[in-house]
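In: Mind folding the following:
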Amino acid sequence: MSVSTKSPANPAGNATGNITCSVEFELLCRIAQPQPDLARVLEMLRAGVDFPELIELAAEHGVRPQLIGGLQSLSWEAVPAAARGSLEDYHRFHCARALSLSEELCRVAAAFAAKGLRLAAFKGPALAVALYGDVSRREYADLDILVPEPEVDQSERLLDSLGYHGDAGDRAFRRAFLGYLRQCAFVHPGIDAAIDLHWDFSGIHVPFPLTPAEVWRDLAQVSIGDYAIATVSGANLALLLAGHGTKEAWRCLGWVCDFALLVDRHPEFDWLEVHRRGKARGCGDTVLLGCAMALELLEVPVPPVLRDPIAASARVRALASSLSHELRQGLPLPTPDRHFSDLDLCDSWLDKLKAVIRLVLTRTTGDYEAMKLPQALWPMYYATRPFRLAAKALAALR
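Out: Take a look at the predicted model:
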């Protein structure tokens, strides 16, 4: 893949460049760029696109706000009435939903402050305001909050008092089988809201380019209505977005858009230092990969200081080529159900091996579903898990 300031016709320099991208996905890339290529978008619209597929792809990739904004800028030219009506209906729903989730985030943050508990919001409305300037300019479905690990139990009890309930069993079950993820989900049936409570950004088995301690030392504030919400910003946000995208295999164009917008808006960042910090955590390639994906799909220039490190990394170039190739196909996105889908966070094979060993020795809900033991016998899963995974692997080989 080239690391020049523009993505050439075959930026990967390999087989990926010979694969024809769907017109609809290419249109999404052009309209979701930090600086949308509206002239090219209009050409494509006039030539004809499959609007049901375009709208479905925009929904799967979380870029409907960008699509709507671009089409509005073109006065909806060449857009059929049915497609425009569908998108405008979604826009009204999304704006109302974004306002509702934003109000709920403020309510939760105020409750935490009243109890003297710390909270930092990331993704969701906070990221929409920080990156896009408006809670409705980015697509999201829930709220993500970070709390200090010593305050997790108090935070869970507070969420319970606000009407939220754990999405997967009681507290003992979550600690035993989901604690390794270092996050848990809570739902509020009465207001159709969900909160992912985090005390770290990845599972215990893999590293991550950003630590919670770094976040707590350098919190920023975003204004949502009349309320100031603590959030992640600056170089910390770059590390967070790079790590999150890599952990999720960059399978959503919306995540590439987030990182690309940050790169585009903040050339003043010390990107070499951002990369150095990620590398110190064993995750330096996440920053390089985020930049490579932004160039490959959205033609956002790589920060000059990172061009040589990307060019020197065969691993990053191969990952960017492979992941962008999958996205370019315009097919429904795969469900992220692979056990080791987050190993790309690891720069080294040694860290990957350590991650696999940790996960093999960690209890998960799969162990419980395979053999439902009473709570008093849950420690036995540490002994049975390796055998269950071995049997599963043998069955797959057969």
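In: I figured Asp264 hits Leu131, correct?
Out: No - Asp264 is beyond contact range of Leu131, at 10.3 Å (criterion: Cβ atoms under 8 Å). Bear in mind the C-beta positions are built from the backbone N, C-alpha and C, glycine included.
In: Look at these two and report which has more neighbours.
Out: Counting neighbours by other Cβ atoms under 10 Å for Asp264 and for Leu131 shows that Leu131 has the greater number, 21 against 15.
In: Quick check: the more buried one vs Ser233, distance?
Out: Leu131 sits 10 Å away from Ser233, going by Cβ to Cβ, to the nearest Å.
In: can you dump the C-alpha coordinates of the lowest-mean-pLDDT helix or strand in the chain into PDB?
Out: Every helix and strand in the chain was compared by mean pLDDT, DSSP states H and E; the lowest is helix 381-397, with a mean of 81. Provided in PDB are the C-alpha atoms of helix 381-397 (Å, rounded to 0.1, in the frame of the first residue of the first chain):
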ATOM      1  CA  TYR A 381     -14.100 -24.700  35.000                       C
ATOM      2  CA  TYR A 382     -10.500 -23.700  35.200                       C
ATOM      3  CA  ALA A 383      -9.700 -27.400  34.900                       C
ATOM      4  CA  THR A 384     -12.300 -28.400  32.300                       C
ATOM      5  CA  ARG A 385     -11.900 -25.400  29.900                       C
ATOM      6  CA  PRO A 386      -8.700 -26.600  28.200                       C
ATOM      7  CA  PHE A 387     -10.300 -30.000  27.500                       C
ATOM      8  CA  ARG A 388     -13.500 -28.400  26.200                       C
ATOM      9  CA  LEU A 389     -11.500 -26.200  23.800                       C
ATOM     10  CA  ALA A 390      -9.400 -29.100  22.700                       C
ATOM     11  CA  ALA A 391     -12.500 -31.200  21.900                       C
ATOM     12  CA  LYS A 392     -14.000 -28.200  20.000                       C
ATOM     13  CA  ALA A 393     -10.800 -27.800  18.000                       C
ATOM     14  CA  LEU A 394     -10.700 -31.500  17.100                       C
ATOM     15  CA  ALA A 395     -14.400 -31.400  16.100                       C
ATOM     16  CA  ALA A 396     -13.700 -28.500  13.800                       C
ATOM     17  CA  LEU A 397     -10.700 -30.300  12.200                       C
END
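In: What residues of it count as buried?
Out: Across helix 381-397, burial judged by 16 or more other Cβ atoms under 10 Å covers Tyr381, Arg385, Leu389.
In: Stretch 311-318 now?
Out: For stretch 311-318, using 16+ other Cβ under 10 Å, the buried residues are Ser313, Val316, Arg317.
In: thinking again about what came up before, quick one: the least confident helix or strand of the chain to chain centroid distance?
Out: Offset of helix 381-397 from its chain centre (Cα atoms, centre = their mean, to the nearest Å): 30 Å.
In: ok, Ser161 to Leu117 distance?
Out: For Ser161 relative to Leu117 (Cβ to Cβ), the value is 12 Å.
In: ok, these two, which is more surrounded?
Out: Leu117 (15 against 10).
In: hang on, the more buried one packs against Glu156?
Out: No - using Cβ under 8 Å, Leu117 is not in contact with Glu156, being 10.8 Å away.
In: From one end of stretch 369-384 to the other, what's the distance?
Out: 13 Å (Cα to Cα, to the nearest Å).
In: Now do the least confident helix or strand of the chain: which elements does it pack against?
Out: helix 349-360, helix 365-370 (3 or more Cβ pairs under 8 Å, 6 or more residues apart in numbering; DSSP states H and E).
In: neighbouring contacts of the last one?
Out: Contacts with helix 365-370, where a contact means Cβ atoms under 8 Å, 6 or more residues apart in numbering, come from Ala168, Phe173, Phe177, Leu178, Tyr381, Thr384, Arg385, Arg388.
In: What separation do you get for the fourth one and Ala185?
Out: Read it as Leu178. Distance, Leu178 to Ala185, by Cβ to Cβ: 9 Å.
In: list the residues that contact both of these two?
Out: Common neighbours of Leu178 and Ala185 (Cβ under 8 Å, 6+ apart) are Ala168.
In: more neighbours, those two?
Out: Between Leu178 and Ala185, counting by other Cβ under 10 Å, Leu178 is the more crowded of the two (20 against 17).
In: Return the set of buried residues in stretch 208-217.
Out: Phe208, Pro209, Leu210, Thr211, Pro212, Glu214, Val215.
In: pLDDT averaged over whichever strand or helix holds the last one - what is it?
Out: Put plainly, it is Val215. Assigned by DSSP states H and E, Val215 falls within helix 212-217. For helix 212-217, mean pLDDT rounds to 97.
In: Against which helices or strands is it packed?
Out: Partner elements for helix 212-217 (3+ Cβ pairs under 8 Å, 6+ apart): none found.
In: Direction included, what does the helix or strand just after that helix pair against?
Out: Downstream of helix 212-217, the first helix or strand assigned by DSSP H and E is strand 220-224. The sheet places strand 220-224 alongside strand 227-231 (antiparallel), with pairing taken from DSSP bridges.
In: Moving along the chain from the strand it pairs with, name the first helix or strand you hit.
Out: With elements assigned by DSSP H and E, the helix or strand that comes after strand 227-231 is helix 234-247.
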